[in-house]
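Engineer: here is my input, please return the structure:
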Amino acid sequence: MLELLQAIWRPAVEILILAVAIYYPLNFVRGTRGWPVMLGFLALIVVVYVGARLSDFGVISWILERFLLTGFALAALVIFQPELRRILAELGNLPFLHSAHEERENIEVIVQTAERLGEMRIGALLALEQLIQLDEVVESGVPVDCEATPEMLETIFFPNNAIHDGGVIIRGDRIAKAACIFPLTQRQDLGHSLGTRHRAAIGLSEETDAVVVAVSEETGAISYAYKGQFVRGVTLEELRAFLTSVLVTPAPSRNWLHWIRSRIADRAKPGPVAVAKADSATTSNTNGSAK
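Structural biologist: Prediction:
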């Protein structure tokens, strides 16, 4: 009996390790922008390899057999670089770097700004930087470096202001840049009612860990994007609750096993979807245009 258990437990453990090593990476990349590219790359390699074998091209077959794994790994690193950078940033997110009081004050600034701009029907795009530096993925932008207050943000997005067009990067309790051009999402499953501002919010959230809040110039509706998820037409209470759940650092005594499980559960959710609640915005041509 003991010999039977010894003969079984090693293969069982190996199967479990392989299952986890295959399932979670596939679940992580599924639905990302790089997923179709990776599928196309694999299809091309398979077609070339099968063609080389059938045509008896020995050199090509030998090269593919020797370097297929290395080439696949390098391609995955290049294609999924934004997603890998985001997950590594999450793993390095220590829960004792900022005080909860400061984070809640910053959240109130965002909520009050969204409320004021929504009431006045002034379009806005606010990116709340976390661990990933947004300067790496955001084009242009005017350095501001001032305290983030509802009055200052309202002034920046006022239609007659020279830097109102584009998005704002908020780093902690300060406005780092204004008039920034955020990367647009390449997803094809979004409705035509989503304009450039909303697509820019989704695009930045896909490539970074930033929380992006958008205010529609057309309707005054408030939306937010995070990790490719997009929710439209939220109330101020819903916005405050969401920002608190994401930005307010948990207590340092939080169990690390629970933290890891929560991250795995978060990645196991269905792929990115845009959730429409109230906003029936129209399309536009620039990041500062109406949505």
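
Engineer: average pLDDT for the strand or helix carrying Arg10?
Structural biologist: Element membership for Arg10 (DSSP states H and E) is helix 2-29. Averaged over helix 2-29, pLDDT sits at 76.

Engineer: which elements pack onto that helix?
Structural biologist: helix 81-91, helix 256-267 (3 or more CB pairs under 8 Å, 6 or more residues apart in numbering; DSSP states H and E). For every residue, glycine as well, the C-beta is placed using N, CA and C.

Engineer: comparing these by mean pLDDT, which bottoms out?
Structural biologist: Among the helices and strands packed on helix 2-29, helix 256-267 has the lowest mean pLDDT, at a mean of 50.

Engineer: hmm, Ile163 is touching Ala178, no?
Structural biologist: Yes - here Ile163 reaches Ala178: they are 4.6 Å apart, a contact under CB atoms under 8 Å.

Engineer: list the residues that contact both of these two?
Structural biologist: Listed contacts common to Ile163 and Ala178 are Val142, Ile156; contacts here mean CB atoms under 8 Å, 6 or more residues apart in numbering.

Engineer: per-residue pLDDT, the residue nearest to His164 when sequence neighbours are not counted?
Structural biologist: In this structure, His164 finds its nearest non-sequential neighbour in Phe157, 5.0 Å apart by CB to CB, 6 or more residues apart in numbering. For Phe157, the pLDDT comes out at 94.

Engineer: Phe157 and Phe182: what is the separation?
Structural biologist: From Phe157 across to Phe182, the span is 15 Å (CB to CB, to the nearest Å).

Engineer: likewise for Asn106?
Structural biologist: 20 Å.

Engineer: neighbour count for these two, which is higher?
Structural biologist: Each of Asn106 and Phe182 has its neighbours counted (other CB atoms under 10 Å); Phe182 has more, 29 against 20.

Engineer: that one and Ala200 touch, don't they?
Structural biologist: Yes - using CB under 8 Å, Phe182 is in contact with Ala200, at 3.9 Å.

Engineer: what number of residues lie near Asp145?
Structural biologist: 9.

Engineer: state the helix or strand in which it lies.
Structural biologist: Asp145 belongs to strand 142-147, assigned by DSSP H and E.

Engineer: show the backbone phi and psi for Gly220.
Structural biologist: phi 80, psi 0 (degrees, to the nearest 10).

Engineer: please name the nearest non-neighbouring residue to it.
Structural biologist: Leaving out its chain neighbours, the residue that sits closest to Gly220 by CB to CB, 6+ apart is Gly118, at 4.1 Å.

Engineer: could you measure from the one you found over to Ile222?
Structural biologist: Gly118 is 6 Å from Ile222, by CB to CB.

Engineer: overlap in contacts of the two?
Structural biologist: Joint contacts of Gly118 and Ile222 (CB under 8 Å, 6+ apart) are Val215, Ser216.

Engineer: more crowded one of these two?
Structural biologist: With neighbours defined as other CB under 10 Å, Gly118 and Ile222 compare such that Ile222 has more, 26 against 19.

Engineer: who does the strand holding Asp145 touch, helix- and strand-wise?
Structural biologist: Using 3+ CB pairs under 8 Å, 6+ apart: strand 142-147 touches strand 174-180.

Engineer: other residues contacting the strand it packs on?
Structural biologist: With CB under 8 Å, 6+ apart, strand 174-180 has contacts from 127, 129, 134-135, 138-148, 152-153, 156, 163-170, 287.

Engineer: rerun at 6 Å
Structural biologist: 138, 141-144, 146-148, 156, 163, 166-169 (CB atoms under 6 Å, 6 or more residues apart in numbering).

Engineer: need the buried ones from those residues selected in ChimeraX.
Structural biologist: Buried residues within these, by 16 or more other CB atoms under 10 Å, are selected in ChimeraX with:
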select :138,141,144,148,156,163,166,167,168,169
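
Engineer: which one of the contacts of strand 174-180 is nearest Val78?
Structural biologist: Val138 (20.6 Å; CB to CB).
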